[in-house]
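A.B. asks: Show me how the following folds:
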Amino acid sequence: MHPLIAQDIERVAAAVGERLYALQGKRLLLTGAGGYLASYLAETILWANDHLFATPCRLLALVRQPVTPDGRLGHLLGRSDVEWIIGDAAQPQPITGNVHFIVHAASKASPRAYLNAPLDTMNTNVEGTRWLLELARERDAESFLYFSSGEIYGDATLVPTPETYPGSADPLHPRACYTESKRYAEALIGAYHREYGIRAKIVRPFHVYGPGLRLDDGRVMADFLRSRLENQPIHLLSDGSGERAFCYLADATIGFWSALLSDHHGEAFNIGDDRELISIRKLAEMLARLYEPVLETHFADQLPEHLRGTPGRTCPDMTKALHLLGYAPQTDLREGVRRTLDWYRSL
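C.D. replies: Next up is the predicted model:
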C-alpha cells in the first residue's frame with residue numbers, strides 16, 4: 001500500500017473505531033472495487049485484516065476487468081483474504097456462501113463516461129441494484145450500502161441541500177441516464193426496506209477527490225490537477241462562476257463506513273464537506289498559485305456538451321450525517337489537494 005494512502009486508511013480506521021469490528025470474520029461483497037471511491041473501502045478491510053482483526057474479513061471484489069499488477073489495486077493480488085470476481089455488476093454473478101455485507105459502488109460517475117454509455121450506466125444502477133438487493137434478501141445480509149450521488153438533487157434551489165430536498169431533473173436530458181437511474185435505485189432500496197426489511201442505506205457523495213481520481217475524468221478537479229501536475233495553463237470550460245463544495249476521499253470514506261455500519265436502515269445520507277463552498281474560478285486560482293511556477297488561467301464562454309446541464313451551486317447540508325452518524329470531515333481543501341498531488345507525483 002502506498003505510504004500516503006496507508007496514512008489515510010489508518011485515519012479512516014481510527015475514525016470509524018470499534019464499529020469496524022462488525023466486519024471481523026465476515027464476508028463483504030464490493031462492486032466496482034477498482035473504482036477510486038471503492039478502493040479506499042477495499043484497502044480499509046485489508047488494513048484491518050493486517051492490523052486489527054483476529055479473524056479476517058473476506059473481501060469479494062467484483063470488477064469488470066481483471067486487476068493488473070500495475071493497477072490501482074494491483075498490490076492486493078495474491079492475497080488469501082480477497083476473492084476477485086470478474087463480471088458486470090448489472091448482471092447476477094455466481095456468489096456462493098454467506099454474504100454479510102454488500103456495498104454497491106459500481107457505476108460510471110463522470111459526465112464524459114456516462115454520456116458515452118447511457119444504457120450501460122442505467123443498467124448498472126437499476127438492474128445491478130435489483131439483483132444485489134435480492135442477494136441481500138436471500139442471504140439475510142447484515143447491511144447493504146448503495147452509492148447514489150449528490151447529482152440526484154438536480155440544480156437545487158436550496159443550498160446547502162438537505163436529504164429531504166426532493167430534487168428536480170429533466171428525465172429527457174442526456175444526463176438523466178445517470179441522475180434518474182440513481183433516483184430509481186434509491187426508490188428500489190426504499191421499497192425493499194419497507195417490504196422485506198432489507199437493512200439498506202444510501203450515501204450521496206458530493207464532489208469527492210483524492211488519490212486514484214482519473215486525470216482524464218473530465219470533471220473540474222481532475223482537469224485542474226492534471227494542469228498543475230504538468231505545469232500547464234489551467235483552462236476553465238466555463239466562466240468559473242459555478243460553486244462547489246469538495247470533499248477529500250479519506251473523509252468521505254469515513255462517512256461511507258459510518259453509514260454501512262449504522263443502524264439507520266432505509267435512510268439516505270449526504271457525504272461531503274460543507275465547510276468551504278468555492279467558485280470554480282477561485283479553485284483554479286488556488287491551484288495556479290499552489291506551487292511554482294504560477295500558472296496562467298483561461299476561461300471559456302460556452303460549456304462543452306458533456307458539462308451542459310451541470311448545476312450552478314452544489315453543497316450538501318451535513319446536519320443529518322453529523323447527528324446520526326457522528327460524521328464530520330476534517331481535511332481542508334488546500335491540504336487535500338496537496339496530498340492528492342503528492343500521491344500523483346510519487347507515481
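
A.B. asks: Figure out the length between the terminal residues of stretch 67-78.
C.D. replies: End-to-end distance for stretch 67-78, by Cα to Cα, to the nearest Å: 11 Å.

A.B. asks: pLDDT on that stretch, on average?
C.D. replies: Confidence over stretch 67-78, taken as the mean pLDDT, stands at 90.

A.B. asks: and the residue nearest to L215 when sequence neighbours are not counted, what helix or strand is that in?
C.D. replies: With Cβ to Cβ, 6 or more residues apart in numbering as the criterion, L215 has its nearest non-adjacent residue at 4.2 Å, and that residue is R226. Where C-beta positions appear, they are placed from N, C-alpha and C, glycine not excepted. Assigned by DSSP states H and E, R226 belongs to helix 220-230.

A.B. asks: ok, then the element right after that helix?
C.D. replies: Note on helix 220-230: by DSSP H and E, the next helix or strand toward the C-terminus is strand 234-235.

A.B. asks: which helices and strands does the helix holding R226 pack with?
C.D. replies: The contact analysis (3 or more Cβ pairs under 8 Å, 6 or more residues apart in numbering; DSSP states H and E) places helix 220-230 against strand 208-209, strand 234-235, helix 280-289, helix 333-346.

A.B. asks: Off-centre distance for it?
C.D. replies: The chain centre lies 19 Å from the centre of helix 220-230; the measure is Cα atoms, centre = their mean, to the nearest Å.

A.B. asks: same thing with stretch 91-99?
C.D. replies: On Cα atoms, centre = their mean, the centre of stretch 91-99 falls 23 Å from the chain's centre.

A.B. asks: And stretch 244-256, by the same measure?
C.D. replies: Stretch 244-256 has its C-alpha centroid displaced from the chain centroid by 8 Å (Cα atoms, centre = their mean).

A.B. asks: Also stretch 84-92?
C.D. replies: Stretch 84-92 has its C-alpha centroid displaced from the chain centroid by 19 Å (Cα atoms, centre = their mean).

A.B. asks: residue nearest the centroid of the chain?
C.D. replies: When the chain is reduced to its mean C-alpha position, the nearest residue by Cα atoms, centre = their mean turns out to be L37, at 4.0 Å.

A.B. asks: Which of the three states applies to the residue sitting furthest away from the middle of the chain?
C.D. replies: In the chain, the residue that sits farthest from the middle, by Cα atoms, centre = their mean, is P293; the gap is 31.9 Å. For P293, the secondary-structure state derived from DSSP: H, G, I helix; E, B strand; the rest coil is coil.

A.B. asks: can you give me phi and psi for it?
C.D. replies: The phi and psi values for P293, taken as degrees, to the nearest 10, are phi -80, psi 160.

A.B. asks: what sits against it?
C.D. replies: Taking Cβ atoms under 8 Å, 6 or more residues apart in numbering, we find P293 in contact with N231.

A.B. asks: measure it to L59 for me?
C.D. replies: Separation of P293 from L59 (Cβ to Cβ, to the nearest Å): 43 Å.

A.B. asks: Would you map the helices across this structure?
C.D. replies: Along the chain, counting by DSSP state H, helices occupy 3-16, 36-51, 111-116, 118-139, 176-196, 220-230, 249-260, 280-289, 319-325, 333-346.

A.B. asks: and those helices as a markdown table, adding mean pLDDT and distance to P160?
C.D. replies: Written out in a markdown table, the entries for the helices of the chain read as follows (pLDDT from 0 to 100; distance: least, Cβ to Cβ, whole Å):
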| stretch | mean pLDDT | distance to P160 |
| --- | --- | --- |
| helix 3-16 | 96 | 22 |
| helix 36-51 | 96 | 21 |
| helix 111-116 | 88 | 22 |
| helix 118-139 | 97 | 25 |
| helix 176-196 | 97 | 19 |
| helix 220-230 | 93 | 19 |
| helix 249-260 | 98 | 15 |
| helix 280-289 | 93 | 18 |
| helix 319-325 | 98 | 9 |
| helix 333-346 | 96 | 16 |
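
A.B. asks: Out of those, the one nearest G312 is which?
C.D. replies: Evaluated with Cβ to Cβ, the helices of the chain place helix 280-289 nearest to G312, the distance being 10.2 Å.

A.B. asks: What are the buried residues along the closest one?
C.D. replies: Judged by neighbour count (16 or more other Cβ atoms under 10 Å), helix 280-289 contains these buried residues: I280, R281, L283, A284, E285, L287, A288.

A.B. asks: ok, of those, which one's closest to V159?
C.D. replies: For V159, the nearest member of those is I280. The distance, counting by Cβ to Cβ, is 15.0 Å.

A.B. asks: correct me, but the closest one touches S238?
C.D. replies: Yes - under the contact definition of Cβ atoms under 8 Å, I280 touches S238, with a separation of 6.4 Å.

A.B. asks: picking up where we left off before, near the residue nearest to L215, how many other residues are there?
C.D. replies: A count of nearby residues for R226, using other Cβ atoms under 10 Å, gives 17.

A.B. asks: same question, G71
C.D. replies: With other Cβ under 10 Å as criterion, G71 counts 15.

A.B. asks: My read is that it contacts A33, right?
C.D. replies: No - proximity of G71 to A33 does not meet the contact threshold set by Cβ under 8 Å, at 11.1 Å.

A.B. asks: for the closest residue to E151 other than its chain neighbours, what are its contacts?
C.D. replies: Of all residues not flanking E151 in the chain, T179 sits nearest, at 5.2 Å (Cβ to Cβ, 6+ apart). Counting by Cβ under 8 Å, 6+ apart, T179 makes contact with S149, E151, I152, G154, A169.
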